[in-house]
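Undergrad: sequence and computational prediction follow.
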Amino acid sequence: MDLVQHSRRQHASARHYIDKTTHSVALDESVRLIGNWFQFPMVQVNVLDMRNQHTIAAVGTPLGITPRSQSLCDPVVRGGVPATLGQIERAPGVFPQIQSYIGVPIVGREGIVVATLCLLDTVPRLFTARQIGELQTLALMVRDQLELLRRLEPTPAGTPALTAALTAAVEAGEIIPVFQPVVGLVDGTVQGLEALARWQHPTRGLLTPEAFVPLAEDSEVIIDLDLAVLQQAAAHVAGWTRRRPYLRLNANLSARHFDHPDCVDRLTDSVTDAGLSPTQVTLEVTETAALAAHPADRSFLHELRARGFRVALDDFGMGFSSIGQVLRLPIDGIKIDRQVTAASETAVGEAVFRALLGLGADLGLNTVVEGVETSAQADRARKSGAAQGQGYLYAAPLFPVDVPDCLGIIHR
Ligand code: C2E
Ligand code: MG
Ligand code: MG
């Protein structure tokens with residue numbers, strides 16, 4: 001790709017993250033926490049298009065637009081790697097009061113650097129490689145938040161041709177569920193199965209959700225996709241419950257459902273038509289989705305629970321919504337995000353991990369730890385009071401034919 005073409009694509013990608021109608025309290029909160037963590041007075045999330053830097057979240061500095069020629073973050077976006085003040089050629093007169101700067105890149109959905117997370121101070125400071133690494137990890141969280149905001153955009157993105165192909169794939173039965181066991185941490189029994197979508201693509205092979213779920217979520221296709229996965233998964237689980245009556249099904253639900261008055265009926269029918277009862281099903285929603293559900297009263301979630309479904313908050317700990325707000329939601333359980341589990345190896349990460357689990361348990365919520373990959377993580381989850389675990393330590397997502405062999409006890 002030549003430079004002009006790259007710059008055009010970069011601009012187009014960046015524009016998706018600018019001019020959000022939704023101002024994100026969650027993003028503000030993350031930036032504040034990042035500032036506290038590094039003890040820096042100024043933190044910014046900047047999206048750079050061809051002409052300007054858009055500061056969309058900040059502490060210690062105003063939000064707003066700066067010409068790209070005066071942006072300290074320009075080299076980070078150009079180079080795609082972290083940069084500190086010493087590595088930047090500062091045009092004369094550009095923020096002379098800034099004596100410390102470090103910026104790390106944020107890659108957008110199109111695979112191009114669109115933004116930066118940066119720390120600024122008016123006194124000179126040194127950065128260790130470790131701090132730079134930590135900032136890069138935090139930039140991944142910020143990226144996820146930007147992605148969530150972008151998904152909430154009302155405008156349909158994705159090319160019509162791809163959306164049409166996906167619609168056809170749902171109709172042709174090419175979207176199928178695979179199943180990952182949810183294991184009781186105390187006794188090692190398989191207590192549930194999470195259905196995860198896969199696209200059995202006729203020419204490209206088996207595709208994981210990252211290749212098609214974000215696109216599906218940009219349009220109404222996600223509704224039919226979710227229902228197709230739920231119905232097939234329910235049929236499989238109905239068969240397996242004959243020998244294991246207590247087995248539960250977990251399925252993922254996009255925020256789009258909440259906009260349709262008949263969707264509770266459709267979800268219920270998908271389950272009952274397949275021979276399962278809603279009482280055997282937990283629907284997983286992300287916190288952004290749950291908070292988007294009928295803002296005034298969360299009536300959608302209440303309705304689902306009135307039908308017997310349980311509702312779990314997926315990827316908990318990654319959204320940075322106000323915890324108070326999240327915990328007032330009518331939910332039955334939380335699933336601790338796999339990135340929180342991975343971070344629990346560090347002292348701070350472990351404290352967060354334990355706090356989230358403690359909070360869940362105190363509120364009487366079912367707590368599942370996702371992304372359990374090592375016995376040490378399983379032990380930590382058990383000791384912190386989590387009820388269930390899910391992750392490669394126990395089993396990767398399985399094709400339906402392989403599930404019956406895994407329905408006993410998985411002790412790891
Ligand atoms: P999720 O619901 O949080 O699902 C867990 C993801 O973590 C799955 O990725 C799973 O394969 C992966 N995983 C499981 N154990 C481990 C582990 O030990 N380590 C690591 N690193 N990863 C692990 P997958 O299947 O790629 O799904 C990604 C996401 O796509 C899901 O995250 C869910 O948000 C979404 N998704 C999947 N199926 C559907 C669907 O039918 N409808 C909707 N709306 N979203 C879906
Ligand atoms: Mg899930
Ligand atoms: Mg999750």
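TA: Sure, I can see it. Numbering: from 1, shown residues only. Ligands and ions are numbered 1, 2, ... in the order given.
Undergrad: and the contacts of stretch 381-394?
TA: Applying Cβ atoms under 8 Å, 6 or more residues apart in numbering, the contact partners of stretch 381-394 are 180-186, 191-192, 194, 335-336, 338, 341, 353-354, 357-358, 361, 366-375, 377-378, 410, 412. Just so you know, the C-beta spots here come from the backbone N, C-alpha and C atoms, and that holds for glycine as well.
Undergrad: just the residues you listed: which are in helices?
TA: Among the contacts of stretch 381-394, the residues falling in helices (DSSP state H) are 338, 341, 353, 354, 357, 358, 361, 375, 377, 378.
Undergrad: is ligand 3 contacted by stretch 209-228?
TA: No. Using Cβ under 5 Å from the ion, stretch 209-228 stays clear of ligand 3, coming no nearer than 11.1 Å.
Undergrad: which residues touch that stretch?
TA: Against stretch 209-228 from outside (Cβ under 8 Å, 6+ apart): 109, 147, 151, 156-158, 162-163, 166-167, 170, 173, 175, 196-199, 251-257, 260, 263, 266-267, 270.
Undergrad: spell out which parts of the protein neighbour ligand 2.
TA: Residues of the chain lying close to ligand 2 (Cβ under 5 Å from the ion) are 252, 284, 314.
Undergrad: can we see that at 6 Å?
TA: Counting by Cβ under 6 Å from the ion, the chain comes close to ligand 2 at 194, 252, 284, 314.
Undergrad: are we agreed that the last one is in a strand?
TA: Yes. If the criterion is DSSP: H, G, I helix; E, B strand; the rest coil, then residue 314 is within a strand.
Undergrad: so it is in contact with residue 335, correct?
TA: Yes. In this structure, residue 314 is within contact of residue 335 by Cβ atoms under 8 Å, at 5.1 Å.
Undergrad: what touches both of the two?
TA: Residues touching both residue 314 and residue 335 (Cβ under 8 Å, 6+ apart) are residue 284.
Undergrad: tell me the residues of this structure that contact ligand 3?
TA: 314, 315, 335, 337, 370.
Undergrad: near ligand 1 too, which of those?
TA: 314, 315, 370 (Cβ under 6 Å from any ligand atom).
Undergrad: find the nearest non-adjacent residue to the second one, please.
TA: Across the structure, with Cβ to Cβ, 6 or more residues apart in numbering as the measure, the residue nearest residue 315 apart from its sequence neighbours is residue 337 (4.3 Å).
Undergrad: what sits against that neighbour?
TA: 314, 315, 316, 317, 318, 370, 371.
Undergrad: partners of the closest residue to ligand 3 within the stretch 101-250 of the chain in the sheet?
TA: At 8.5 Å from ligand 3, residue 194 is the closest residue in the stretch 101-250 of the chain, using Cβ to the ion. Partner residues in beta bridges with residue 194, using DSSP bridges, are residue 180, residue 250.
Undergrad: do the same with the one 5 residues further on
TA: For residue 199, the beta-bridge partners are residue 175, residue 207 (DSSP bridges).
Undergrad: with ligand 2 as the reference, measure out to it.
TA: 17 Å (Cβ to the ion, to the nearest Å).
Undergrad: tell me, how many residues neighbour that residue?
TA: Neighbour count of residue 199, defined by other Cβ atoms under 10 Å: 23.
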